[in-house]
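S.K.: Sharing a model prediction with you, sequence too.
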Amino acid sequence: MIRFIDIYKAYDNGTKALKGISMRIDDGEFVFLVGPSGSGKSTIIKLITAEVAPTDGRLMVNGYNLNTIRPRQVPYMRRTLGVIFQDFRLIEKKSIYDNLVFAMRAVGASPREIKKRIAYVLELVGLDTKADRRPDELSGGEQQRVAIARALVNNPSMIIADEPTGNLDPQRSLEIMMLLEKINELGTTVLVVTHEKELVNRFAKRVIAIENGRIISDGMGGYYDNETI
Ligand SMILES: Nc1ncnc2c1ncn2[C@@H]1O[C@H](COP(=O)(O)OP(=O)(O)OP(=O)(O)O)[C@@H](O)[C@H]1O
């Protein structure tokens, strides 16, 4: 569960990125986080991953109190999260399979666990036949699936996807969103940051809309009519 209680974030240069955010995301939810450029979406993600600390307010992430967390506990907190970055961040010289092995070894998984989990995750994302290819031998949509597989491989309780359909055509975007929906149905909480109005409208999910560092709406389905978003 994620809980923001009256969170403020001001950066060192004085920019007030968040101005009193309160929200709760329960285990098992699928949530879209939307808002114009500069509204504070990335700041929210960075607070959840403990890349930045709140200036004020209380923040809980999957049982960890981020106001009091010790630095040595941060890696354990992060293991409860699978983050999918806009630019994939795959290791170009390694095969898809080895990218996933690398992510699992980093948390000390055994060879047996690694083999079993990677087979499962690759099938889930539909890439079981392409495990031996390198990232540059895959399409953009396939690379995004690898990024999703890597986020999932250590079985996090929550997946956070930052603009997962950013560079994809509408059909590929729809497929990625359907994959995230399937992952959610299998029990993982999913938080998707996106600008894609059509996609958000197509999936009847909870939508949290941010503008200028504040939540302007939070509800199921449909979408805001604000053309600036
Ligand atoms: N490291 C930083 N130092 C100072 N100001 C920052 C920093 N990071 C973000 N900001 C500012 O904080 C505000 C919120 O930025 P944020 O990156 O959270 O927005 P966003 O909604 O994710 O935007 P985008 O959709 O363009 O990625 C903006 O005014 C931005 O310029």
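M.R.: Great, that's in hand. Numbers count the residues shown, from 1 in each chain.

S.K.: Can you give me the buried ones in stretch 186-205?
M.R.: 188, 189, 190, 191, 192, 193, 194, 196, 199, 200, 203, 205 (16 or more other C-beta atoms under 10 Å). All C-beta atoms are positioned from the backbone trio N, CA, C, and that covers glycine.

S.K.: correct me, but the last one touches residue 220?
M.R.: What it means is residue 205. Yes. If you go by C-beta atoms under 8 Å, residue 205 and residue 220 touch, sitting 7.2 Å apart.

S.K.: related to what we said a few turns ago, between the buried residues of stretch 186-205, which has the least confident prediction?
M.R.: Among the buried residues of stretch 186-205, residue 196 has the lowest pLDDT, at 83.

S.K.: Report how many residues lie close to the spatially closest residue to that one that is not a sequence neighbour.
M.R.: Spatial nearest neighbour of residue 196, excluding adjacent residues (C-beta to C-beta, 6 or more residues apart in numbering): residue 165 at 5.9 Å. A count of neighbours around residue 165, defined by other C-beta atoms under 10 Å, yields 24.

S.K.: Could you do residue 63 as well?
M.R.: With other C-beta under 10 Å as criterion, residue 63 counts 9.

S.K.: center of this structure, which residue is that?
M.R.: residue 160 (1.1 Å; C-alpha atoms, centre = their mean).

S.K.: Give me the spatial nearest neighbour of residue 3, chain neighbours excluded.
M.R.: residue 60 (4.2 Å).

S.K.: quick one: the worst-scoring helix or strand of the chain on mean pLDDT to chain centroid distance?
M.R.: The weakest-scoring helix or strand in the chain, judged by mean pLDDT, DSSP states H and E, is helix 197-202 (a mean of 87). Relative to its chain's centre, helix 197-202 lies at 18 Å (C-alpha atoms, centre = their mean, to the nearest Å).

S.K.: For that helix, name the packing helices and strands.
M.R.: On a contact count with 3 or more C-beta pairs under 8 Å, 6 or more residues apart in numbering; DSSP states H and E, helix 197-202 meets helix 170-185.

S.K.: so after the helix it packs on, what's the next helix or strand?
M.R.: Per DSSP states H and E, the first helix or strand lying C-terminal to helix 170-185 is strand 189-193.

S.K.: Now do the residue nearest to the centre of the chain, the pLDDT please.
M.R.: 97.

S.K.: got the contact list for the helix or strand hosting it?
M.R.: Assigned by DSSP H and E, residue 160 belongs to strand 158-162. Strand 158-162 is contacted by residues 2, 25, 42, 45, 48-49, 62, 80-86, 148, 151-152, 180, 183, 188-193 when judged by C-beta atoms under 8 Å, 6 or more residues apart in numbering.

S.K.: Tell me the residues on this protein that lie near the ligand, please.
M.R.: Residues of the chain lying close to the ligand by C-beta under 6 Å from any ligand atom are 11, 13, 15, 17, 35, 37, 38, 39, 40, 41, 42, 43.
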